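Enquirer: Here's my sequence, what's the structure:
(2 chains)
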Amino acid sequence: MASSRESRRGADALVQDPALPPVAVPEAELQRESRMTLPKIVLWAAIALLGAVAWTMLAIVRGETVNAIWFVFAAVCTYLIGYRFYSKVIERYITRPDDRRATPAETKQDGKDYVPTDRRVLYGHHFAAIAGAGPLVGPVLAAQMGFLPGTIWIIVGVVLAGAVQDYTVLFFSMRRGGRSIGQMARDVLGKVGGTAAIIASLLIMIIIVAILALVVVNALGESPWGVFSVAMTIPIALFMGLYLRFLRPGRITEVSLIGFVLLIAAIAGGGAVAATEWGQAIFHLDRTTIAWAIIVYGFIAAVLPVWLLLAPRDYLSTFMKIGVIVMLAGAIVLVRPEIEVPAFTEFAETGLGPVFSGTLFPFLFVTIACGALSGFHALISSGTTPKLVEKERQTRFIGYGGMLMESFVAIMALVAAISIDQGIYFAMNSPAALTGGRVEGAVAFVNSLGLTGVNLTPDMLTSTAAAVGEETVVSRTGGAPTLALGLAHIMQQIGGGTAMMGFWYHFAIMFEALFILTAVDAGTRVARFMLQDSIGAWMPKFRDISWRPGVWICTGIMVAGWGYILILGVTDPLGGINTFFPLFGIANQLLAAIALAVVFAIVAKRGPSYVRWLWIIALPLAFTAVITITASMYKIFSPVPAIGYWANNAKYRAAQAAGDGSLGEPEVVEAVIRNTAVQGTLSIVFVVLTIVVIAVAIISAVNSIRRGVTDDGEDEPVPSRIYAPSGLIASKAERALEAQWQEHDAATGTVRSRGAH
Amino acid sequence: MSTAQHGLRSAPGVVWNRMRRAASGIRWYLTTLMGDRAYETYLAHQRAHHPDAPVPTERQFWRDRMREQDRNPGARCC
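Expert: Here you go, the predicted model:
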C-alpha cells in the first residue's frame, strides 16, 4: 500500500507554486541527460583507457622506477569514473534526492547558520572542514609496505567507502534539518546504540587529539627553527583576532593575507633565529617540554573566546590549506618525480616493519584512515554543511566530490613521501628505540633491514639534515617531517634549488602544525561540550555554558585525557607513533563503522525498494567492521609482542618479575607495562563499543525490513521555492532553468543573496 | 567618451575585460568562501524576511557570531 510513497512521506503532495518557474529539472530531462551519446561514450572510454594504462604502469609494469604522473592519472581517472557512475547509482537508488523539496537552508533560513549557499563555495567550505593533517600523515607511514597497497586503498577505498559515507551522512542529515550523527544515532539506534555511539565519539576525540599532538611534538623536538615559526602562529593569530574585532570586522580575506605574509616572514626568519645563540637557548626544546607546552596551550586556547585565537587561526589554516594543495598538485605535475620505492616491501607480509607493526591486512586499512575512509567526516557532514546546502541534488557533488578531493590530497602526500630516498625514509620513521636516535645507529639499523636498493650512508643523513636546517633527521617519526622533506624536495626543483630546502621544509611543518593545533583546540572544545552536556544530565548547572567553573572543569578533564596519552606517547620507550598510531586509525575507522551503521539502519527503514540496494552501504560497513574488529583483536590477543599490546605487557611483566634487565632499565620496563596496559584497555573499549553499535544497527535494520517499514523518520517535505544547478558545471537544461529564474527575478524585482557563510 | 567605449571593444579591451571578470570571479569566490560576505548575506536576509527588525552593526554582528561559536563549538577534522 505504501510502496508508491515509501519514505517520501507525501512527497507527491509537493505542489509547486505556479507563479514560480520550475524548481527542479523534470525527471524526463534528467534521464535524457544521463543517456549515453556517442561523444560521451568516446570520452568515457578514453578516461577509462587512460586510467587503465596508469594502473597498469603502477601495478603490473613496475619498472625500476615509476613516474609520479601515473599516480595522478590513476587517481583522477578512477575518481571521475567513480563520480560519474557509482555516485549516480547511489543517487538513484539510495538517496533519491528531490529538488522539489526545500532543504533546511531554505526552510529554516536565518541568514546565519541556515543559508542557501552557492554549491561551488560550499564545496570549498566543506572540503576545508574535512581536510586536515590526517590524509597527510597516514599514507606516509603506510609507505613502509611499498607504494602499491596504500595507493590502491586510498583510490579504491574512497570510491566505494569514504565518499559513500560522506555523501550519505550529509544527505540524511540534510533530510533531518542538519541533525548531528550523534543525534541521528540516538533517533535510529535507540538508547543503547546511541549512548555507545556518543561514548565512542568522545573517546575518539581524545585519542585523535592526542595522536595529532604527538605528530607535532615529534616534528618540533630539538628543532629551534620549527619551534620558533610554529610559536609565532600564536601572536600572528592573536593579532588577526584583534584586527577583526576592533579594526576591520568582517575583512577575513584581507586579514588572512596579512597573516599569511607574517607567517612566511616567521618561517624565513626562523632560520636566522635558530642560527643565533639566544635562538638556540630559547627555542631548542626537548620533546617532553614541547608536549607540556602543547597541553598548557590546549587548555588556554580552549577556554579563551573563539574570536581571539581559534577563529583567526582557522581562517589562516583554511587559506593555507587551499593554497598549498593547489601548489603541491601543480608541483607534482610539473616536476613528475621518479619513484624508487618498490611496489611492495616484505613488511606487508611479515608485519614487522619498524614504522608501525602489523601485516597489510588489517593494519594498512587502519593506518590510512583519512583519505580513504574517515569516520571523523561524519561529524562534519552532519554538522555545518547540511545546513547550507541549497538544493538536494547538490549533495552528491559536495559530499561525494568533496571526499574525492581529500583522497587526492592523500595521494599527493604519498607521492611526496615516496619521492625521497628509501633509506632516508626508514631512518626518519624508525623509532629511536631502534636507531638510538643517532646517525651511525640509524645507518646500521636501516642497512640491516636488507631492503633491496637501500644503501644508506651517514653522509646522506647529515647532509639532508643540514639542507633542511635541522640538527638531525634520524627518528623524526610521525609522518609530518617525512612529508615536509618530500615536499621540500619537490618544491626546490621548481624554485630556489637546495638553498630553499630549509624554507620549504619548515613551510610544510608549519602548515601541518597549523591544522593540528586548530584540531587540538577545536577538538578539546567539542569534547568539553559533549562532556558538559553529559554531566548536565545529572547536574543541570553544567549545561550552562556561561558558568565558567563548569567550562574550566570540563576543559581540564578533557585536556588531562589527551594530555595523559600524549605524554605516554612522547615518553614511550618503544617509540610512540608506532605503538599509538594504530589506535588513532582504529578509532577513526570505528567512527566510520558507527556512521555507516546509522546510515544502514536509516536506508533499511526507507522501504522495500531500497533494501535491494542496501549492499552499497553494507559493503563499506562490513569492510570497516572487519578491519577495525580484526585489528583490535590482533592488538588485544596477538601473541607476538610487537603486535599484541597485552602480549608485550606480559613480556615486560615477566621480565620485571624475574628481575631481568635485558629489556632495559626498571623505569623503562615499568613505562612499557603502563603504556601497553592503557593501549590494550582502549582497544578493548573501542572494539566493544563498535560491536554494540553495529549489532544494534543490524537488529534495527532487520526489524525494519521484516515489518516493511517505509518511514525513516526524516522531516516532512516542504515545497522548494528556489532553484540552482546540481553539479560543478551546469548542464544545458540547468542553464535554461537558471535563465528562467533570472528573468523571473528581474520581472518581480526579487534580489537574492546567496553564498555567504 | 565614445572613443573610450570603442576602445573597450577592441581586442586588448576584450582581453582586459575578460581578465577583470576572471579576477572579480576569483575575488568573489575567495571572499565568499572565507566568510567576508556573511554580514551582507545576513542583512539581505533580514531585509527580505524581517524588514522591520532592528539591524545590528557589522561589529555587533561579528561579536554575536563569535559568541555563538563559543557556545556551540564545531569540530575540525584531523
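Enquirer: How many neighbouring residues does A:Ile577 have?
Expert: Taking other Cβ atoms under 10 Å in any protein chain shown as the neighbour definition, A:Ile577 ends up with a count of 25. No exception for glycine: its C-beta is placed from N, CA and C like everyone else's.
Enquirer: Let me see the contact set for it.
Expert: Contact analysis of A:Ile577 by Cβ atoms under 8 Å, 6 or more residues apart in numbering or on different chains lists A:141, A:214-215, A:218, A:355-356, A:431, A:477-479, A:569.
Enquirer: where do the helices sit along the stretch 651-757 of chain A?
Expert: Applying DSSP state H, counting those that start in this stretch to the stretch 651-757 of chain A gives helices spanning A:666-707, A:732-748.
Enquirer: ditto for chain B
Expert: Under the criterion DSSP state H, chain B contains helices at B:2-9, B:11-34, B:38-49, B:58-71.
Enquirer: For A:Leu148, which non-adjacent residue is spatially closest?
Expert: Taking Cβ to Cβ, 6 or more residues apart in numbering or on different chains as the measure, A:Leu148 lies nearest to A:Ala343, with 4.0 Å between them; neighbours along the chain are not counted.
Enquirer: quick one: average confidence on stretch A:654-665?
Expert: Per-residue pLDDT values across stretch A:654-665 average out to 90.
Enquirer: cool, and stretch A:116-125?
Expert: Regarding stretch A:116-125, the rounded mean pLDDT is 95.
Enquirer: cool, and stretch A:258-270?
Expert: For stretch A:258-270, mean pLDDT rounds to 96.
Enquirer: Determine whether any part of that stretch lies close to chain B.
Expert: No: residues of stretch A:258-270 contacting chain B under Cβ under 8 Å from any Cβ of the partner chain: none, with a closest distance of 11.5 Å.
Enquirer: Show me what counts as buried in that stretch.
Expert: Residues of stretch A:258-270 classed as buried: A:258-260, A:262-263, A:266-267, A:270 (neighbour count, 16 or more other Cβ atoms under 10 Å in any protein chain shown).
Enquirer: ok, and what's touching that stretch?
Expert: Contact with stretch A:258-270 is made by A:224-226, A:228-229, A:232-233, A:236-237, A:239-240, A:243, A:312, A:315-316, A:319-320, A:323, A:503, A:506-507, A:510, as judged by Cβ under 8 Å, 6+ apart.
Enquirer: For ChimeraX, write a command that selects the buried ones of those.
Expert: Here is the ChimeraX selection string for the buried members of the contacts of stretch A:258-270, based on 16+ other Cβ under 10 Å:
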select /A:224,225,226,228,229,232,233,236,237,240,243,312,315,316,319,320,503,506,507,510
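Enquirer: For the single nearest residue of chain A relative to chain B, give me its contacts.
Expert: Among the residues of chain A, A:Gly111 lies nearest to chain B; the distance is 2.9 Å by Cβ to the nearest Cβ. When contacts are counted by Cβ under 8 Å, 6+ apart, A:Gly111 is found next to B:41-46, B:49.
Enquirer: what does A:Thr464 give?
Expert: A:424, A:473, A:485.
Enquirer: Next one, pLDDT for the closest residue to the residue of chain A closest to chain B other than its chain neighbours please.
Expert: Nearest non-adjacent residue to A:Gly111, counting by Cβ to Cβ, 6+ apart: B:His45, 2.9 Å away. At B:His45, the predicted lDDT confidence score is 92.
Enquirer: Touching, B:His45 and A:Glu106? I think so.
Expert: No: with contact defined as Cβ atoms under 8 Å, B:His45 does not reach A:Glu106; the gap is 11.7 Å.
Enquirer: Which helix or which strand is home to the nearest residue to A:Met205 once chain neighbours are set aside?
Expert: Using Cβ to Cβ, 6+ apart and skipping the chain neighbours, the partner closest in space to A:Met205 is A:Ala527 (4.4 Å). A:Ala527 is located in helix A:501-535, with elements delineated by DSSP states H and E.
Enquirer: quick one, that helix and helix B:58-71 angle?
Expert: Helix A:501-535 and helix B:58-71 meet at an angle of 70 degrees, taking axes from the mean of the first three to the mean of the last three Cα atoms, to 10 degrees as the criterion.
Enquirer: in the helix or strand harbouring A:Ala301, what's buried?
Expert: Assigned by DSSP H and E, A:Ala301 falls within helix A:287-303. Applying a neighbour-count criterion of 16+ other Cβ under 10 Å, one finds A:287, A:290-292, A:294-295, A:297-299, A:301-303 buried in helix A:287-303.
Enquirer: Report the secondary structure state of A:Ala185.
Expert: Classification of A:Ala185 using DSSP: H, G, I helix; E, B strand; the rest coil returns helix.
Enquirer: tell me the pLDDT at it?
Expert: 91.
Enquirer: Which residue, other than its chain neighbours, is closest to it?
Expert: Excluding the flanking residues, the one nearest A:Ala185 by Cβ to Cβ, 6+ apart is A:Ala197, at 3.8 Å.
Enquirer: How about the contacts made by A:Phe503?
Expert: Contact partners of A:Phe503, counting by Cβ under 8 Å, 6+ apart, are A:267-268, A:271, A:488, A:496.
Enquirer: rerun at 7 Å
Expert: Counting by Cβ atoms under 7 Å, 6 or more residues apart in numbering or on different chains, A:Phe503 touches A:267-268.
Enquirer: Write out the residues of chain B neighbouring chain A.
Expert: For chain B, the residues in contact with chain A (Cβ under 7 Å from any Cβ of the partner chain) are B:29-42, B:44-46, B:58-59, B:62, B:65-66, B:69-71, B:73-78.
Enquirer: Buried among these? Make that a PyMOL selection.
Expert: For selection in PyMOL, the members of those meeting the burial criterion (16+ other Cβ under 10 Å) are listed in this command:
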select buried, chain B and resi 30+31+32+33+34+35+36+37+38+39+40+41+42+44+45+46+58+62+65+66+69+70+73+74+75+76+77+78
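Enquirer: residues of stretch A:15-27 that come out buried?
Expert: For stretch A:15-27, a neighbour-count test (16+ other Cβ under 10 Å) marks A:20-21, A:23-25 as buried.
Enquirer: repeat for stretch A:426-439
Expert: Within stretch A:426-439, judged by 16+ other Cβ under 10 Å, the buried ones are A:426-435, A:438-439.
Enquirer: How is chain B divided into domains?
Expert: As recorded under automatic domain parsing, the domains making up chain B are B:1-35, B:37-72.
Enquirer: Go through the ones you listed and find the least confident stretch.
Expert: Note on those: domain B:1-35 shows the lowest mean pLDDT, a mean of 81.
Enquirer: quick one, what contacts the residue nearest to A:Lys635 when sequence neighbours are not counted?
Expert: In space, A:Lys635 comes closest to A:Ser683 once its chain neighbours are excluded; the distance is 4.5 Å by Cβ to Cβ, 6+ apart. A:Ser683 makes contact with A:632, A:635-636, A:645 under the criterion Cβ under 7 Å, 6+ apart.
Enquirer: again, but for A:Gly178
Expert: For A:Gly178, the contact set (Cβ under 7 Å, 6+ apart) comprises A:104, A:386-387.
Enquirer: ok so, going back, check whether the residue of chain A closest to chain B sits in a helix, strand or coil.
Expert: Using three-state DSSP as the criterion, the local structure at A:Gly111 reads coil.
Enquirer: coming back round to it: of the contacts of A:Gly178, which count as buried by neighbour count?
Expert: Neighbour counting with 16+ other Cβ under 10 Å marks A:104, A:386-387 as buried within the contacts of A:Gly178.
Enquirer: As a markdown table, those with pLDDT and secondary structure would be great.
Expert: Formatted as a markdown table, the buried ones among the contacts of A:Gly178 follow (pLDDT from 0 to 100; DSSP: H, G, I helix; E, B strand; the rest coil):
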| residue | pLDDT | secondary structure |
| --- | --- | --- |
| A:Pro104 | 96 | helix |
| A:Pro386 | 96 | helix |
| A:Lys387 | 95 | helix |
